[in-house]
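Engineer: Next come a sequence and a model predicted from it.
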Amino acid sequence: MSLALAIIGGVSLTGCQPEKTEALPNRLPQDVKVSCPLNNGNAWFEGDSVVENGKVLPANSVAFDPANNCAFYNWAAQMFLWVTSPMTSGTYVPGNTVMESPTFYTVQPDTNNNAGQNRILVQNLAGKQLRAVPQMKKSGPNRLPVIFDKRGRMFEVETHSSGTKMLSVMSGSKQVKVHHVEKGAGGVVTFFDEKNQAIASPAAILQHTVNKERIVHGFLTTDGSSVYIDGNSNLIETETGQATNDVLVANNGSMVYYILFVNDVYAYYQAGVSARLLDSSKFPTTAGELSKITELARNNGVTLADSNALAIEMKTSWVEAVNLPDSNSYITTYAIVPVYKKVGDAAWVLSGEKLTKLALIGAHVVGSVAGHPEMVWATFEHEDNAPNAAYKYVDVNGKVKMVPQDTGSNWLLSNNASDPQTNVSHQHWSNTGGDTIVGTSGQLTACNVLRTMPWGSAMDSLTNQEDTSSATSNSEIISLNNQVYALLKGNDIRKNYQLIGATWTFGGAAPNGATYGSVTTPGVSIGTNVCANSTMETFFQAANQSCFTCHSGNNSLSPTQLSHIFSNIVPIKLASVPPALKK
């Protein structure tokens with residue numbers, strides 16, 4: 001498809017006819033105890049009337065009442081239905097959802113590896129085309145790439161150039177320059193200096209200080225593999241395929257692409273903070289804080305129509321719509337994506353770009369609400385994405401039931417649900433940087449993905465202070481999903497998407513990166529405390545990890561610590577400043 005194709009409002013002229021939508025069967029347990037009641041779902045819809053593919057209003061985050069877990073889950077469900085609502089109620093057109101409307105801005109891809117303000121906000125206006133990239137960088141509290149060792153522990157990686165320009169290490173009290181690293185028989189790793197002498201007890205020389213015990217340096221060995229050492233001379237062993245910048249491929253042959261959005265409240269708040277006009281210590285959660293943001297927007301000729309949604313940040317995942325079974329079951333859009341050509345046996349380099357039709361497969365919806373400046377972190381997936389591992393729930397009679405692991409081959413991200421080697425990456429971005437993808441075979445291939453902790457809880461664990469078991473926690477999410485499915489009319493396309501979970505901290509405390517269980521201090525993640533999205537945290541699902549494992553720098557509520565994009569965004573231009581905000 002040519003990029004010269006005319007675009008209006010982000011939608012191809014060849015695709016502006018309403019699309020037929022299809023609701024897939026609800027495959028969730030139907031005898032689950034309704035432990036999380038839907039909160040007046042009819043009132044979510046415009047005009048208090050539920051219609052097929054009807055427009056949903058945003059949840060009022062200013063008036064949010066954090067009474068219990070279900071209040072957070074209801075907020076999450078309503079927000080997802082809102083951002084995926086068609087702008088014309090009852091009619092879906094590719095590229096015409098609320099998240100693609102002027103209420104939201106697209107965050108353009110990072111152009112300089114998180115160095116300074118380089119991410120541009122593009123308001124979703126007529127004539128503006130979305131861009132998607134096949135990479136969702138994983139970074140930790142220091143904004144560094146992350147890996148997981150064989151024990152499931154997360155480490156951040158201080159990056160450097162390729163093997164031809166290796167780092168120095170400490171050996172005892174001496175700093176020694178590394179010439180090369182060899183991996184010998186049995187996996188024994190040896191570091192060599194410039195005189196080709198083995199370096200005794202090499203230790204990384206670390207620059208960052210937050211969670212220093214969980215920071216490593218990565219080195220390329222002479223056979224092209226990566227090894228990692230920490231500041232105490234420990235070799236950190238990682239699982240095969242656990243690269244820090246993986247490229248995910250679906251079974252329809254498409255790479256998985258990502259688009260980031262923020263709403264107008266977020267954009268004007270970020271601009272106000274950058275101009276030192278607004279409180280930078282936390283995201284807005286009160287009517288008073290919101291009024292300053294809306295006043296700033298009004299002085300610049302903008303009315304924030306859905307301002308009670310407060311600040312929203314979204315990460316979305318997509319695949320090309322071609323060759324999708326049940327293609328009418330996906331929300332779609334058009335976007336420009338990069339094109340790669342094969343060079344050599346197992347590498348692909350950027351060769352251009354194209355306009356293509358994309359199908360939504362996942363979304364993180366993150367937003368501030370009253371009393372919770374750490375934000376509520378909710379995640380959603382299309383039901384055909386990946387198989388679930390076994391999980392438990394509580395039925396209507398109070399009996400705990402086990403659902404065995406899914407089977408079969410008809411998943412977008414798995415062609416063998418019983419594969420013992422799930423969640424092993426097949427390709428990643430080159431360690432030398434640039435736009436080169438390195439694969440493990442001669443083709444860009446799909447791995448078999450498994451959602452290891454369905455509904456955001458580890459088997460037989462305690463996920464939060466309200467629920468007595470993971471089965472109880474799972475039942476809240478499952479029962480709410482069932483009620484939302486029943487609420488939506490006919491073939492409403494949103495029936496095909498499920499809430500996987502949502503997490504926050506007790507009382508809105510600054511997150512400390514830990515998950516509820518053995519640690520119960522106020523800053524731990526609660527709700528579904530280990531929720532992950534199989535399209536965005538594919539290779540980083542662990543029983544002791546949550547959203548706040550990475551989004552918790554310095555135990556702070558500062559937006560620059562919670563959000564990995566906030567400080568890298570180029571602020572929207574402010575032509576006028578309200579007198580009351582001038583200092």
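Structural biologist: Happy to help now that I have it. Numbers count the residues shown, from 1 in each chain.
Engineer: going forward, measure contacts between C-alpha atoms and count neighbours the same way
Structural biologist: Fine.
Engineer: wait, isn't Thr472 in contact with Tyr393?
Structural biologist: Yes. If you go by Cα atoms under 8 Å, Thr472 and Tyr393 touch, sitting 6.2 Å apart.
Engineer: which neighbours do those two share?
Structural biologist: None of the residues lies in contact with both Thr472 and Tyr393 under the rule Cα atoms under 8 Å, 6 or more residues apart in numbering.
Engineer: Show me what the helix or strand harbouring Val349 pairs with in its sheet, parallel or antiparallel.
Structural biologist: Element membership of Val349, judged by DSSP states H and E, is strand 347-369. Its sheet considered, strand 347-369 pairs with strand 312-320 (antiparallel), strand 332-343 (antiparallel), strand 372-382 (antiparallel), strand 436-439 (antiparallel) by DSSP bridges.
Engineer: among these, which is nearest Leu355?
Structural biologist: strand 332-343 (4.4 Å; Cα to Cα).
Engineer: Relative to the whole chain's centre, how far out is the top helix by length along the chain?
Structural biologist: Determined from DSSP state H, the single longest helix within the chain is helix 470-487. Mean-position distance between helix 470-487 and its chain equals 22 Å (Cα atoms, centre = their mean, to the nearest Å).
Engineer: Spit out the contact partners of Gly508.
Structural biologist: Gly508 neighbours (Cα under 8 Å, 6+ apart): 371-375, 523.
Engineer: out of these, which is most surrounded?
Structural biologist: Glu374 (32 neighbours; other Cα atoms under 10 Å).
Engineer: so what pLDDT did that residue get?
Structural biologist: Listed pLDDT for Glu374 reads 97.
Engineer: Then Ser368?
Structural biologist: Model confidence at Ser368, given as pLDDT, is 98.
Engineer: Please name the nearest non-neighbouring residue to it.
Structural biologist: Counting by Cα to Cα, 6 or more residues apart in numbering, Met375 is the residue found nearest to Ser368 once chain neighbours are left out, at 4.2 Å.
Engineer: so who does that neighbour touch?
Structural biologist: 283, 366-369, 504, 508.
Engineer: hmm, back to that, now the contacts of Gly508 in TSV, with distance to Phe548?
Structural biologist: Conversion of those to TSV gives the following (distance: Cα to Cα, whole Å):
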residue	distance to Phe548
Gly371	17
His372	14
Pro373	13
Glu374	9
Met375	10
Gly523	9
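Engineer: And the helices in the chain?
Structural biologist: Remark: helices assigned in the chain by DSSP H are 69-83, 264-274, 287-298, 470-487, 547-550, 559-562.
Engineer: Least confident of those, on average?
Structural biologist: helix 547-550 (a mean of 80).
Engineer: how about low-confidence regions in this protein?
Structural biologist: 1-17, 110-117, 136-143, 148-153, 159-166, 224, 238-244, 431-434, 583 (pLDDT under 70).
Engineer: So which residue of it lies furthest out from the middle?
Structural biologist: Within the chain, the residue lying farthest from the chain centre (Cα atoms, centre = their mean) is Lys195, at 45.5 Å.
Engineer: quick one: stretch 261-268 to chain centroid distance?
Structural biologist: Chain-centre distance of stretch 261-268: 17 Å, with Cα atoms, centre = their mean.
Engineer: how long is stretch 305-325 from one end to the other?
Structural biologist: 38 Å (Cα to Cα, to the nearest Å).
Engineer: And for stretch 48-55?
Structural biologist: Stretch 48-55 has its terminal residues 10 Å apart, counting by Cα to Cα.
Engineer: Show me the strands in the stretch 51-200 of the chain, by range?
Structural biologist: Along the stretch 51-200 of the chain, the stretches classed as strands by DSSP state E, counting those that start in this stretch are 104-107, 119-123, 130-131, 146-148, 154-158, 168-171, 174-177, 180-183, 189-192.
Engineer: For His426, which of the ones you listed is the nearest?
Structural biologist: Taking the strands of the stretch 51-200 of the chain one by one with Cα to Cα, strand 146-148 is closest: 15.4 Å.
Engineer: returning to that earlier point: for the strands paired with strand 347-369, could you give me a markdown table that also reports distance to Gly186?
Structural biologist: Formatted as a markdown table, the strands paired with strand 347-369 follow (distance: least, Cα to Cα, whole Å):
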| stretch | distance to Gly186 |
| --- | --- |
| strand 312-320 | 39 |
| strand 332-343 | 32 |
| strand 372-382 | 41 |
| strand 436-439 | 24 |
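Engineer: Nearest to Ile478 among those strands would be which one?
Structural biologist: Among the strands paired with strand 347-369, strand 372-382 sits nearest to Ile478 (Cα to Cα), with 12.6 Å.
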